[in-house]
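A.B. asks: no letters, just coordinates:
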């Protein structure tokens, strides 16, 4: 904790001024600036237009008329909904049984499986999309080549076509399913076995128990997972930007991005952003309503270990299923990237005879943007993670302890950005910070603001649930002994929250590094990040350099995450269960 | 309320005042700048600045090599920002309207951009000595606003493993044959300057109806003119409709199974001019780079390694690259592109759905 309380202030017992109120208002102001400002500009721009003669802005609904009548916008909107629904369903169908296998059966190596799912989370969706291009482009894709080799099919026949709507849905699902998996696996982890034991003792068969106890208890998590998968697929920019163009269609996010081509149409982009925002808000409300009715309190202290179901001979198909699922987002794509990194041509298999170091040399010694992009990325990642964690920590304390009146507003503000897709936030921040008083465009600050805003809701939710797990009586004891709230927080609560804080830090760090949609709106050449560099390299099809950068990004991320969890005082052996 | 979005009109409005005062203060337009040589004083001043930002649409490999060659000669590192010319243009527009001065020298593949930049008053006039002495008059602005660094053609090309020579297309019209259904790759005019010019010229000479028919061929759409050669090199598609001819030749000479076709209707042409920006962060390094890039040395490197065409009179043609005079070319029209760019993008998006 680095909330600075001057030592002499905290130690002087006679000084009773509680710092909570100023802190609270400070945070509310920060959140307002972070969230309300860009959204206000978005709404303002979407409803106004510049008169070409007088240069005055006046009210108009033209943008929305265009948006809902011009097929140029209606088609992407429909496509986006199709993609979001399909990939959400695909995620649940895959993640639910897998989560159950890992959490509730005697499946071996579950720790490895969870780690590999984390690896697929760490993989940026756009990198995954590039890797799948190398694997499943209809003619040059490695898997299609293998298919032709095995079946002897003619040159223009193919098994998979990644440049298609199903191809895009598949790639999106590959990198969205970790969200659903983690939610479900964690929920199943927490279901105490006494309920299931009770069912068994009352004569219920395994099937009855699953149907009446386990599934209903896990349902809220599945629902939440489905929703998150839907939202993620809807607001994703990276994978569609890489696969939709060759496939010949637009999604809403790629369309919004294309509106910034010269001459830019920020009004139309703002208007096109709002349906995404409204849809997100509606869905989140819907989820809150459904979950609100089905409240299950199952987390009651340390329950007994969940009873593991013996798989027996079912282990074989189960293991096969898990292996295939992990092949798709992790093994195959990284094989493709490694191959491309050392191959003279991305889609030619590396052999000892054709292996080349050219791509590595080119990326690190010839490509002039590599170093600045790596530096910016890791600087921004570390800063966003640190500031974001601190912000989320204080806010979740205030709301979890209901420390002050108005904590609900604070909670709402901290959760609100979840409804703002990255690209929409990018547009909003661009409109907000390219004008006085705060001209932040062109600096790393605007990216920092974007990252913190985007990651705040997840960080807040993680830490809020962590706070709820620490009983307030410990703090109360400290307060009774004369400590101020902040002192109690620092000396009592913070040490108990180390693991969660660390997990949150890593979560933000990783999410920042894989973020593309806001960055692509906000970068300038000086403030380029690796995700944008990869995106630029993709434009000209430089697959070798992309592979080298992608792999080094992954390696560096792991080094940072492992390094951070080894920091003394944070407790060794922390695992990223929450990511 | 001040409006800092960068519509063409607001940019014009915002910069008119600036341009007007400049014109009245020193009549740049009336008088061409004196040709400048690379002097020890310029090198010294450039070294003091110590870096340079070069935004370009050249293929990434060559752009970085060019930067390294400059660094080897003068010890000043070049930061290369490569993306498609239309994206370079968008980026510079965004940066300038947000009052960010990050770019020193830009090289585009769409000469129409220079018209807009000049009109906005964003350019620093500078005329290198060698350009004044040895350059083809058609390829530089006598006022020193822009100099054509490279001349590009956008031919058809195919993968010889996938297409036999006798089956290869000979013209744009041939590409409408149903046998090419699903076998072609094409660049996009909203990202690439080469493709913007090619699209403009094909639409002008063959009519938009041609693209409407072409769109029925299930084209694979990529962004950059430097990506289409890579896609046929990989064998992902058999034929490229448009793109960087120079890359096809380079890959072919490196052993890739590729062949260029200069279409019967004429090959689209695009000049790739470079400009120096006014008020740039490294003005002297920028001048030095702009000067050096158009010397015989750098231009010959461009011809030999990048297989592009140079407007420098003293460069020696590369034997393996067909000389421009032997190719039937479509007529370039930057002023026309400047006027039509928006319309081209709109119609293209309507026809190809992306």
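C.D. replies: Everything's here; your move. What you see is a predicted model; the values in this text were computed from it and never measured.
A.B. asks: what's the closest residue to chain B within the stretch 451-579 of chain A in contact with, if anything?
C.D. replies: Closest residue of the stretch 451-579 of chain A to chain B, C-beta to the nearest C-beta: residue A:541 (3.7 Å). Bear in mind the C-beta positions are built from the backbone N, C-alpha and C, glycine included. By C-beta atoms under 8 Å, 6 or more residues apart in numbering or on different chains, residue A:541 lies in contact with B:222, B:224, B:226-227, B:230-231.
A.B. asks: again, but for residue A:62
C.D. replies: Residue A:62 makes contacts with residue A:49, as judged by C-beta under 8 Å, 6+ apart.
A.B. asks: buried stuff in the helix or strand where residue A:475 lies?
C.D. replies: Secondary structure from DSSP states H and E places residue A:475 in helix A:472-480. The neighbour-count check on helix A:472-480 (16 or more other C-beta atoms under 10 Å in any protein chain shown) flags A:472, A:475, A:478 as buried.
A.B. asks: cool, and stretch B:80-100?
C.D. replies: By 16+ other C-beta under 10 Å, the buried positions in stretch B:80-100 come out as B:80-98, B:100.
A.B. asks: where exactly do the helices run in the stretch 151-300 of chain B?
C.D. replies: B:193-206, B:208-215, B:228-234, B:245-253, B:283-293, B:296-304 (DSSP state H, counting those that start in this stretch).
A.B. asks: which residue ranges of the stretch 1-150 of chain B form strands?
C.D. replies: For the stretch 1-150 of chain B, the strands defined by DSSP state E, counting those that start in this stretch cover B:52-56, B:78-82, B:105-107, B:146-153.
A.B. asks: adding mean pLDDT as columns, could you present these in TSV?
C.D. replies: Formatted as TSV, the strands of the stretch 1-150 of chain B follow (pLDDT from 0 to 100):
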stretch	mean pLDDT
strand B:52-56	96
strand B:78-82	94
strand B:105-107	97
strand B:146-153	96
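A.B. asks: which of the ones you listed sits closest to residue A:377?
C.D. replies: Nearest to residue A:377, of all the strands of the stretch 1-150 of chain B, is strand B:78-82, at 16.2 Å by C-beta to C-beta.
A.B. asks: parallel or antiparallel, which strands does the closest one pair with?
C.D. replies: strand B:52-56 (parallel) (DSSP bridges).
A.B. asks: can you give me how far the strand it pairs with is from the chain middle?
C.D. replies: Relative to its chain's centre, strand B:52-56 lies at 14 Å (C-alpha atoms, centre = their mean, to the nearest Å).
A.B. asks: which other residues reach it?
C.D. replies: By C-beta under 8 Å, 6+ apart, strand B:52-56 touches A:525-526, B:46, B:63, B:67, B:70, B:76-82, B:88, B:91-92, B:102-108, B:280-282, B:285-286, B:289.
A.B. asks: list buried residues within the residues you listed.
C.D. replies: Applying 16+ other C-beta under 10 Å to these flags A:525-526, B:46, B:63, B:67, B:70, B:76, B:78-82, B:88, B:91-92, B:102-108, B:280-282, B:285-286, B:289 as buried.
A.B. asks: same list (the buried residues of helix A:472-480) but as CSV, adding distance to chain B.
C.D. replies: Output for the buried residues of helix A:472-480, formatted as CSV (distance: C-beta to the nearest C-beta, whole Å):
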residue, distance to chain B
A:472, 48
A:475, 47
A:478, 49
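A.B. asks: next, format those residues as a markdown table and append distance to residue B:330.
C.D. replies: Formatted as a markdown table, the buried residues of helix A:472-480 follow (distance: C-beta to C-beta, whole Å):
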| residue | distance to residue B:330 |
| --- | --- |
| A:472 | 77 |
| A:475 | 77 |
| A:478 | 80 |
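A.B. asks: which of these lies closest to residue A:436?
C.D. replies: residue A:475 (43.6 Å).
A.B. asks: having no further points to raise, I will conclude here.
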